[in-house]
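1. Dropping a prediction and its sequence here:
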Amino acid sequence: SRQVNLTVSLHVGLARKHPDILSFLVATHNLGGTSTSRLFMNLSDDKGYTYGSYAQAAPKGRGLLWVANAETRAEVAMPALREIEGEIRRLREEPVPAETLEAAKRNLAGRFAIQLASLGSTANRLAVLERAGVDSAEDLASYGRRVDALTPADIQRAARLFLDPDKMLTVAVGDRAALP
């Protein structure tokens, strides 16, 4: 069976200083940040379309490059793409369950601590924040408190504001003849 790499991407004009950036990053994490996130659970565990599907947002230029992806068998590429699109719609239309959000917050808090475990990674994080014009010491000190304060409504609002399906670019890489 041939493989197809599906990528849905979007440039999000969301500056590091924007008040909704943390809500957006947590929304992205909930959608596809771990093996217990929506994309992974749907496409891998439920449908068996892939071994994993993820979403992430990374600084790029004057905003973020948001990407959701999955590698699938060619014969399920289109159903998998519909499921990715459906999960994005669901994130926009339905509040994230409180227990799901709490699990995401705990995961992010743990990742944050690990990211600051070495002097080099802490210095890199501070440099990124300084270049973005953010008060780096305050950002680091308040991160946990700010994540903990997020609500399901905050996550849904950020998804509605910044995950515009009409602006997303979808790319399927694989043998064209194998695609349905």
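-> That came through fine. Bear in mind that the values here come from a model prediction, so they are computed numbers and not experimental data.
2. So residue 3 is in contact with residue 72, correct?
-> Yes: at 7.0 Å, residue 3 counts as touching residue 72 under the criterion of CB atoms under 8 Å. Heads up, the C-betas are built off the backbone N, CA and C, glycines and all.
3. Ranking helices and strands of this protein by mean pLDDT, which lands last?
-> The helix or strand of the chain with the lowest confidence, counting by mean pLDDT, DSSP states H and E, is helix 119-131 at a mean of 64.
4. Can you give me the neighbour number for residue 53?
-> 28 (other CB atoms under 10 Å).
5. ok, what's across the strand from it?
-> residue 70 (DSSP bridges).
6. and it, what does it touch?
-> Listed by CB atoms under 8 Å, 6 or more residues apart in numbering, the contact partners of residue 53 are 32, 39, 40, 42, 43, 44, 68, 69, 70, 80, 84.
7. Helix or strand: which one has the spatially most central residue of the chain?
-> The centroid of the chain falls nearest to residue 28 when counting by CA atoms, centre = their mean (2.6 Å). If you go by DSSP states H and E, residue 28 is part of helix 21-32.
8. Could you do residue 108 as well?
-> Short version, using DSSP H and E: residue 108 is in helix 98-115.
9. buried sites along that helix?
-> Residues 100, 101, 104, 105, 107, 108 are the ones in helix 98-115 that count as buried (16 or more other CB atoms under 10 Å).
10. now, which of these sits nearest residue 62?
-> Minimum distance to residue 62 across those is 24.1 Å, recorded for residue 108 (CB to CB).
11. Is it correct that that closest one is in contact with residue 150?
-> No: the pair residue 108 / residue 150 is not scored as a contact, 9.8 Å apart, by CB under 8 Å.
12. tell me, what's touching the two both at once?
-> Common neighbours of residue 108 and residue 150 (CB under 8 Å, 6+ apart) are residue 26.
13. that older thread, check whether the residue nearest to the centre of the chain really touches residue 67, as I assumed.
-> No: Residue 28 is not in contact with residue 67 according to CB under 8 Å; the separation is 9.3 Å.
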